[in-house]
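**Q** What follows is a predicted structure for the sequence shown.
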Number of protein chains: 4
Amino acid sequence: MSFGGGSVGRENDTGRIEAFSDGVFAIAITLLIIEIGVPHLEDEPPGTTLPQALVFLWPSFLAYVISFLQIGVIWANHHNRFRFIERSDHVLLFLNILFLMCVAFIPFPTALLAEYLDGSAAERETAGAIYAGTLAVTAVFFTLLWLYATVNRRLVNRNLDPHQLRTMTRRYLLGMVAYLLVFLLAFVNVAASLALIVALALLFVLPEPGERTSEKESPARARERR
Amino acid sequence: MSFGGGSVGRENDTGRIEAFSDGVFAIAITLLIIEIGVPHLEDEPPGTTLPQALVFLWPSFLAYVISFLQIGVIWANHHNRFRFIERSDHVLLFLNILFLMCVAFIPFPTALLAEYLDGSAAERETAGAIYAGTLAVTAVFFTLLWLYATVNRRLVNRNLDPHQLRTMTRRYLLGMVAYLLVFLLAFVNVAASLALIVALALLFVLPEPGERTSEKESPARARERR
Amino acid sequence: MSFGGGSVGRENDTGRIEAFSDGVFAIAITLLIIEIGVPHLEDEPPGTTLPQALVFLWPSFLAYVISFLQIGVIWANHHNRFRFIERSDHVLLFLNILFLMCVAFIPFPTALLAEYLDGSAAERETAGAIYAGTLAVTAVFFTLLWLYATVNRRLVNRNLDPHQLRTMTRRYLLGMVAYLLVFLLAFVNVAASLALIVALALLFVLPEPGERTSEKESPARARERR
Amino acid sequence: MSFGGGSVGRENDTGRIEAFSDGVFAIAITLLIIEIGVPHLEDEPPGTTLPQALVFLWPSFLAYVISFLQIGVIWANHHNRFRFIERSDHVLLFLNILFLMCVAFIPFPTALLAEYLDGSAAERETAGAIYAGTLAVTAVFFTLLWLYATVNRRLVNRNLDPHQLRTMTRRYLLGMVAYLLVFLLAFVNVAASLALIVALALLFVLPEPGERTSEKESPARARERR
């Protein structure tokens, strides 16, 4: 009787998790724009022109670009990791819901950053710390999810190369530490913290070590994949 | 002529229902964040700092976390049940739309809870009762949908083990009764009602009886699934 | 060279249209709730309690339920029709975009209805007429899309039973006429118009003629589908 | 060991990109409606009737229709191109995120246009230029993405007809130039700029050159596709 097994050990289960997660990512990333309100000239100081009022919105535009890149790269990383996770169980599902809770929260610190990036030094520091802190907590849950899935190869392919698994785990731990440092940096210098956040997103454009190797060392393999 | 049959008896039909439902779940869960407005210090009592204004938002953050967990777990349960439902008809489709109407409604009582959790005792009770009541009505529609699909195995696999079917049905009836009790409890003690709601979500982390059994009693089966 | 053909004649093309349309449906239906603002007691007449303020929101809740049912049933009908449409071309794609433009518009007349259902007779009539008019225009575009796809079996299966095709087309023309009458009725009696709109949605619970027949006349076919 | 390759060279990878992009498109297009607020008669000049207040909203309705068509057609074009892109890498993923950042931004200039289309000449010009400018930048990123994927057939099918590839690339370059001209035109005449934007969307209804040819030259091929 194959109906008794619940969700344990079924590969298409992770497909469901991915589809649901993709929906949350796509909505969170697209909701970012509705936090930017159109300027109403009657609420601005008298004599303000529309171009000036739009320039005043620069913190909103900057926060939009940074968060869009962040969520986009988190989505790509989430998807890349779920190609290795083959089975699911209730704990993985729950850790993924906690992780998505962080991702779906990102529009709030984004709006906070947009509102207070041109505020007082203390306000800028608070907004920047909460922004970087949200990303750090997101990274922590992502790492927990990955560790839960990979310790003893619990939910990943059992033939997965242990060396590669270690490399990937090290990358996630490093990423988590980087976001925690960026969080601490926000208390010292918000601009530097945000610049590092953008840099961490741009790092993604580099291919992963595994990718580069596989392309260079075995051109034949690339061919046989088609 | 296979085109005459409408939607009765086609397995991929439930795939469509699931995909549409997943979309509604993903949007409802991600919309929760836009109910939390960024604090504007000019609207706060003079002298309020940004960290203080954010702490005042605790009911919003609490409501966000509780509702995110709830919708996440309802999504997981909906998906788990639809793995057993193999056929669909217009009544199932309609019951599912009514069920989704409840799920998509959850952001409203969430915002109500966020607004009145630190209000007067009477306001807190009203907000808590409407919140728990929404979850109870959602559970009722979910149970109706399940009963409609399973009575006489109308839309589930005809080879499904009757014992397992009864176990699952009992779980849903129990869950429905639990949410109705939580609703009544909200009139007595809102905090206890909310705590129980979180506990009901956390219960989900436990594997289902069927899962545990299948893992313990037949390790061989787990192997052959791969 | 199979790459020259563009989108003509590829079955999976309609899969793409359906997936995109499903996304629009799921978002439009879930966005309905954010039009209902949580009542703020400080904006209400002094002495208003929270339960009273919530009761004052009845037009919003009524509009939510009616629109949720409508969009849900339009989604189900859209999907049922696209099971017969096998090919796509640019005109079908464009007609579908115009149809979705109507569906995605529905939250606006819903909010209008919620705002003015307890207004003056003239306001109620305007809101009701715009609401019913939006549904009527949606039905017109849906019928156009169906006629474009089926005339000379342009984009449907060429083996499709002509009798069944005529039956389905007649149903859509009837539905379109019904929504146009409901639109005219709104100028006379808004309540009756809304009641008919709900009744039209509830009609969907009845199986289609083709379904009933196929179940009754050929029980063997139902068996062989599995 | 097939796990080392990362995302390079896997066809289903582009499926993931498309699904995520479709989500962003569907949400951006459906969010357009929430920018149109329901008129509140108490905020209008005394004596304004509801029909009059709705007529005053014409810039919002016009902006809704134009943006819905634009996003709909951009979606269709994005999908058409991704049928030729077979592989993905991190750079393509990143270019696609930048492209989606532009698409998800469109609701903002749409709301700006809705607010200032009946403003002063200078305001109308600013709003129109930002609207057309957003579409032009979107076209630039779309062209970059296409050029990156096709130069040396980097990520497209290696058997793709070079002549057809050149035809498609020329179309995108032409489209990009058209949007840049429409952007410049907005500084001279906003109405003409918007009219051209609608015309560019309507052009999509015409079949692509390749499509027409393939239908005329090889009717046999159309048959064998089924």
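**A** Received the coordinates, thanks.
**Q** The strand or helix carrying residue A:181 close to chain B?
**A** Counting by DSSP states H and E, the element that carries residue A:181 is helix A:162-186. No - Helix A:162-186 is not in contact with chain B by CB under 8 Å from any CB of the partner chain; minimum separation 13.5 Å. Glycine gets a C-beta too; all of them are placed from N, C-alpha and C.
**Q** Can you give the contact residues for that helix?
**A** A:81, A:84, A:125, A:128-129, A:131-133, A:135-136, A:138-140, A:142-143, A:146-147, A:150, A:153, A:156, A:192-193, A:196-197, A:200, A:208-210, D:1, D:3-4 (CB atoms under 8 Å, 6 or more residues apart in numbering or on different chains).
**Q** cool, stretch A:69-82 as well?
**A** A:14, A:17-18, A:21-22, A:25, A:28-29, A:32, A:99, A:103, A:106, A:135, A:138, A:142, A:146, A:168, A:197-198, A:200-202, A:204, A:208, D:6-7, D:16, D:20, D:90, D:93-94, D:97, D:100-101.
**Q** Let's see that with 6 Å instead.
**A** Here stretch A:69-82 makes contact (CB atoms under 6 Å, 6 or more residues apart in numbering or on different chains) with A:14, A:18, A:25, A:28, A:29, A:201, A:204, D:16, D:93, D:97.
**Q** Now do it, average pLDDT.
**A** Across stretch A:69-82, the average pLDDT comes to 91.
**Q** are any of the contacts of stretch A:69-82 buried, and which?
**A** If you count burial by 16 or more other CB atoms under 10 Å in any protein chain shown, the buried members of the contacts of stretch A:69-82 come out as A:14, A:18, A:25, A:28, A:29, A:201, A:204, D:16, D:93, D:97.
**Q** list the contacts for residue A:197?
**A** Contacts of residue A:197 (CB under 6 Å, 6+ apart): residue A:182.
**Q** Next: residue A:26.
**A** By CB under 6 Å, 6+ apart, the neighbours of residue A:26 are D:20, D:23, D:24.
**Q** Could you point out the helix or strand that follows the helix holding residue A:181?
**A** helix A:190-203.
**Q** quick revisit: keep only the contacts of residue A:26 that also lie close to chain A.
**A** Among the contacts of residue A:26, the ones lying close to chain A by the criterion of CB under 6 Å from any CB of the partner chain are D:20, D:23, D:24.
**Q** quick one on the thing from earlier: out of the contacts of stretch A:69-82, which two sit at the greatest distance?
**A** A:14 and A:201 (25.2 Å; CB to CB).
**Q** that older thread, when you check the buried ones among the contacts of stretch A:69-82 against the helices, which ones overlap?
**A** In helices, defined here by DSSP state H, the members of the buried ones among the contacts of stretch A:69-82 are A:14, A:18, A:25, A:28, A:29, A:201, D:16, D:93, D:97.
**Q** which of the contacts of residue A:26 lies closest to chain C?
**A** Minimum distance to chain C across these is 6.1 Å, recorded for residue D:23 (CB to the nearest CB).
**Q** Tell me the secondary structure at the residue nearest to the spatial centre of chain A.
**A** In chain A, the centroid-proximal residue (CA atoms, centre = their mean) is residue A:74; its distance is 2.7 Å. Recorded secondary structure, residue A:74: helix (DSSP: H, G, I helix; E, B strand; the rest coil).
**Q** Select the longest helix from chain A.
**A** Assignment by DSSP H gives helix A:121-150 as the longest helix of chain A.
**Q** Tell me which residues of that one come out buried.
**A** Buried-residue list, helix A:121-150, by 16+ other CB under 10 Å: A:123-143, A:145-146, A:148-150.
**Q** so where's chain A shaky on pLDDT?
**A** The model of chain A has pLDDT under 70 over residues A:1-13, A:207-226.
**Q** Report the closest residue of it relative to chain C.
**A** residue A:27 (8.0 Å).
**Q** quick one, what contacts that residue?
**A** Counted by CB under 6 Å, 6+ apart, residue A:27 has contacts B:27, B:30, D:27.
**Q** What residues does residue A:29 make contact with?
**A** A:68, A:71.
**Q** from the contacts of stretch A:69-82, which single one is nearest chain B?
**A** Distances from chain B to the contacts of stretch A:69-82, taken by CB to the nearest CB, are shortest for residue A:28, at 5.4 Å.
**Q** so what's the closest one up against?
**A** A:71, A:103, A:104, B:30.
**Q** please redo it, this time with the cut-off set to 8 Å
**A** Going by CB under 8 Å, 6+ apart, the list of residues near residue A:28 reads A:71, A:103, A:104, A:106, A:107, B:30, B:33.
**Q** Write a PyMOL command that selects only the buried members of the residues you listed.
**A** To isolate in PyMOL the members of the contacts of residue A:28 that are buried, counting by 16+ other CB under 10 Å, one can use:
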select buried, (chain A and resi 71+103+104+106+107) or (chain B and resi 30+33)
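**Q** related to what we said a few turns ago, can you give me the angle the longest helix of chain A makes with helix A:162-186?
**A** Relative orientation of helix A:121-150 versus helix A:162-186 (axes from the mean of the first three to the mean of the last three CA atoms, to 10 degrees): 170 degrees.
**Q** What strand or helix carries the closest residue to residue A:145 other than its chain neighbours?
**A** Leaving aside its sequence neighbours, residue A:145 sits nearest to residue A:95 (CB to CB, 6 or more residues apart in numbering or on different chains; 4.4 Å). Taking DSSP H and E as the criterion, residue A:95 maps to helix A:90-105.
**Q** and the angle from that helix to helix B:190-203?
**A** Helix A:90-105 runs at 120 degrees relative to helix B:190-203, counting by the same axes, to 10 degrees.
**Q** before we move on, back to that, is it correct that the residue nearest to residue A:145 is in contact with residue A:141?
**A** Yes - here residue A:95 reaches residue A:141: they are 6.7 Å apart, a contact under CB atoms under 8 Å.
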